[in-house]
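Any chance you could fold what I've pasted below:
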Amino acid sequence: MKRILVIVGLAALMSACGGNQSNKKSADKKSDSTTSVEKIKADHLKPGDKYVESYANGQPRIVKKMEKSGNKLVPAYLTEYFENGQISKEGPYENGKRNGFWKTYYKTGELWSEIYFKNGQPDSTTTAYYPNGKIRYQGFYTKGQKSGTWKIFKKDGSIKELKHYVLK
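Residues are numbered from 1 along each chain as shown. Have a look, this model is predicted:
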């Protein structure tokens with residue numbers, strides 16, 4: 001009788017320990033299946049579809065409008081959001097690189113900067129703003145490098161300093 005109680009006790013102990021391991025494995029499987037479900041969704045996108053990643057609170061974090069480029073599906077336009085729902089940045093892509101006019105914003109929704117990209121690099125005038133809408137700085141990029149005269153402004157709109165850049 002004593003021997004049976006020991007065997008039953010050991011079996012119960014082993015079952016309890018094994019149960020925790022299987023729960024951990026099933027929890028791991030759940031996270032793997034979530035990842036694969038997201039991958040499956042991304043794999044089934046068609047040109048014109050939107051790919052959306054969300055914050056834990058359900059707000060969108062990234063929205064990419066997709067297009068076909070050769071055999072691949074790549075973003076054509078990206079909108080990124082702050083967790084409060086305000087747009088963080090937005091702009092077009094071409095062949096998987098930033099290409100065209102991009103805007104970034106403060107968390108409050110005011111415009112922070114405007115810049116033009118060509119083949120993934122800044123390549124034109126860029127302007128950044130204070131939250132009050134006044135220009136913070138304005139300058140020019142040539143193939144990703146600062147060039148020419150950049151103007152840095154104070155919050156009241158007066159010029160704080162000028163910086164000169166020469167291409168190397």
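
check contacts around Tyr129.
Contacts for Tyr129 (Cβ atoms under 8 Å, 6 or more residues apart in numbering) come out as Glu110, Leu111, Trp112, Ser113, Ile135, Arg136. Backbone N, C-alpha and C define where each C-beta goes, glycine included.

biggest separation within those, which pair?
Distance extremes for those: the farthest pair is Glu110 and Ile135 at 12.8 Å, using Cβ to Cβ.

Can you show me the helices along this structure?
Using DSSP state H, the helices found in the chain span residues 2-43.

all strands of this structure, in order?
With DSSP state E as the definition, the chain shows strands at residue ranges 50-54, 60-69, 72-81, 87-94, 97-98, 100-105, 111-118, 121-129, 135-142, 145-153, 159-165.

Would you format those as CSV with distance to His44 and mean pLDDT included?
Putting the strands of the chain into CSV (distance: least, Cβ to Cβ, whole Å; pLDDT from 0 to 100) gives the following:
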stretch, distance to His44, mean pLDDT
strand 50-54, 10, 91
strand 60-69, 11, 90
strand 72-81, 10, 92
strand 87-94, 20, 96
strand 97-98, 24, 93
strand 100-105, 27, 98
strand 111-118, 29, 98
strand 121-129, 32, 97
strand 135-142, 38, 98
strand 145-153, 41, 97
strand 159-165, 46, 98
